[in-house]
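Q: Test case, fold it:
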Amino acid sequence: MRDQILCDIRHDADVGELRRRATAFCRAAGFDEESLGRVAIVCTELGSNIVRHAGSGGQVILRQIAEAAIPGIEIVALDHGTGMSNVERSLQDGYSTAGTCGNGLGAVQRLSDLFDIDARPCRGTAVICRIWSRPRPNQAVSPFATGAFRLPASNETVCGDIWVIDQGNGRLCSLLCDGLGHGARALEAAETAAAAFLQARDEPVVSRLERIHEALRPTRGGAVALIEIDPDRNRLIHVGLGNIAVRYRHRGQWHHLLSRQGIAGHILADLRPCETAFEAGDLLIMHSDGLTSRWDPAATPDLFERHPLLTAAVLCRDYRRGADDVAVLVIRRSEPCSNTF
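A: Below is the predicted model of the structure:
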């Protein structure tokens, strides 16, 4: 994918290849030598942990990011290995269960600007990191924490599912689009939807979806859902067309938001927005149908208190349909917090 690299990790040689691809990826984005060194160490440690502790292997996913014109990299390591019985102890330098010096995860945490981990025993390990190429300027604090993750269908090199987060005027508006089918033409439809979404920035969500529908006419179309959150009014507005699932947790209870049947670009239903309360502490999850709808928040409640990127990545790992593209977007309304160890 254009902004994302997937690296399968099974053997020591794969770790070296991961390190080379990550540093090349970041050098092209403008990282200096010090930041490249941090990326190289983090990727080496995460890849090595997969080789040592996940018998069936795992994946490390690299994604280019940017904030205030400063490039960065998002690193997500996923496996279905043994997990950890004591995560905090595993983050201490000198602790190892594999006979090594035990500096791996502790070093990853220190070298990362953002770090979070989920490692339940017998369920596997998931680690997320963000590393910026240089320090970012102080910015206004956002009332939202967001994270998103996507993977292409089996045997595909590009993912036709896209998300966009658009913040301005104190509000957050998000799009999730699943381009029909797989491959390059699905990606083309999804990118067209994303461009139309941003071009209609000042319009209400229903108008934005209508603009997307018109833009998608020359493409194969897609399923689309839009969310607008106004923290001053503690309100959330949703409108959707097609099979994009939306769940939200409000005051500890989970609810569904339903989209209209149709295909953006080809079959437009009578769009009816839904408005509901969305307060500090509430959580929203949007996902394409590449994720099974059978995931149960009650099975792993702690996961939904982690950083939204970690939540999205673990849901993709554990509940994806391998034959389809998948994208998950997680938004938490909260007071500022790092959600890291």
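Q: pull the helix or strand with minimum mean pLDDT from the chain.
A: Between all helices and strands in the chain, the lowest mean by mean pLDDT, DSSP states H and E belongs to helix 87-90, at a mean of 72.
Q: Show the subsequent helix or strand relative to that one.
A: The element immediately downstream of helix 87-90 (helix or strand, assigned by DSSP states H and E) is helix 104-111.
Q: what about the helix or strand just after that next one, distance to the chain center?
A: Once the chain leaves helix 104-111, the next helix or strand it forms, by DSSP H and E, is strand 114-118. Centroid displacement of strand 114-118 relative to its chain, using CA atoms, centre = their mean, to the nearest Å, is 13 Å.
Q: Same question for stretch 110-127.
A: 15 Å.
Q: again with stretch 145-154
A: 4 Å.
Q: list the buried ones in that stretch?
A: Across stretch 145-154, burial judged by 16 or more other CB atoms under 10 Å covers 145-153. All C-beta spots, glycine's among them, are computed from the backbone N, C-alpha and C.
Q: Closest to residue 129 out of the residues you listed?
A: Comparing those against residue 129 with CB to CB places residue 147 closest, at 12.3 Å.
Q: A strand includes the closest one, no?
A: Yes - applying DSSP: H, G, I helix; E, B strand; the rest coil, one finds residue 147 inside a strand.
Q: quick thing: my sequence starts at 17, can you match it?
A: Fine by me, first position is 17 from now on; the one you just mentioned is residue 163.
Q: Contact partners for it?
A: 144, 323-329, 345-346 (CB atoms under 8 Å, 6 or more residues apart in numbering).
Q: Repeat the analysis, applying 7 Å as the threshold.
A: Applying CB atoms under 7 Å, 6 or more residues apart in numbering, we find residue 163 in contact with 323-325, 327-328, 346.
Q: just residue 261 next, same as before
A: 303, 309.
Q: Mind doing that once more with 8 Å?
A: 272, 301-305, 307, 309.
Q: I'd say residue 51 and residue 147 touch.
A: Yes - between residue 51 and residue 147 there is a contact under CB atoms under 8 Å: 6.6 Å.
Q: For the buried ones among the contacts of residue 261, write the corresponding PyMOL selection.
A: A single PyMOL command is used to select the members of these judged buried by 16+ other CB under 10 Å:
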select buried, resi 301+302+303+304+305+307
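Q: Sitting in strands, which of the contacts of residue 261 do you find?
A: 272, 301-303 (DSSP state E).
Q: Next, format the residues you listed as CSV and append distance to residue 287 and pLDDT.
A: Formatted as CSV, the ones in strands among the contacts of residue 261 follow (distance: CB to CB, whole Å; pLDDT from 0 to 100):
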residue, distance to residue 287, pLDDT
272, 18, 96
301, 22, 98
302, 17, 98
303, 20, 98
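Q: Let me know the closest of those to residue 129.
A: Distances from residue 129 to the ones in strands among the contacts of residue 261, taken by CB to CB, are shortest for residue 301, at 24.5 Å.
Q: And the helices in this protein, which stretches?
A: 28-45, 49-69, 103-106, 120-127, 199-215, 221-231, 324-335 (DSSP state H).
Q: Pick the most deeply packed of those.
A: helix 324-335 (a mean of 24; mean count of other CB atoms under 10 Å).
Q: distance between that helix and the chain's centre?
A: 7 Å.
Q: Which residues outside it are in contact with it?
A: 77, 90, 92, 94, 96, 132-134, 139-140, 142, 144, 161-167, 301, 303, 307-308, 310-311, 316, 319-320, 342, 344-348, 355.
Q: Kindly recompute the last result at 6 Å.
A: Helix 324-335 has contacts (CB atoms under 6 Å, 6 or more residues apart in numbering) with 92, 94, 132, 134, 142, 144, 161-165, 167, 307-308, 311, 319-320, 342, 344, 346, 348.
Q: Now do it against strand 130-134, angle only.
A: Taking axes from the mean of the first three to the mean of the last three CA atoms, to 10 degrees, one finds helix 324-335 and strand 130-134 inclined to each other by 30 degrees.
Q: Pull the number of nearby residues for the nearest residue to residue 47 once chain neighbours are set aside.
A: Nearest residue to residue 47 in three dimensions, chain neighbours excluded: residue 149, at 4.4 Å (CB to CB, 6 or more residues apart in numbering). By other CB atoms under 10 Å, 20 other residues sit near residue 149.
Q: isn't residue 149 right next to residue 50, touching?
A: No - with contact defined as CB atoms under 6 Å, residue 149 does not count as touching residue 50 (9.4 Å).
Q: Nearest to the spatial middle of this protein, which residue is it?
A: Nearest residue to the geometric centre of the chain (CA atoms, centre = their mean): residue 164, 1.9 Å.
Q: roughly how far apart are the closest residue to that residue other than its chain neighbours and residue 161?
A: Once flanking residues are discounted, residue 164 sits nearest to residue 345: 4.3 Å by CB to CB, 6+ apart. Distance, residue 345 to residue 161, using CB to CB, to the nearest Å: 12 Å.
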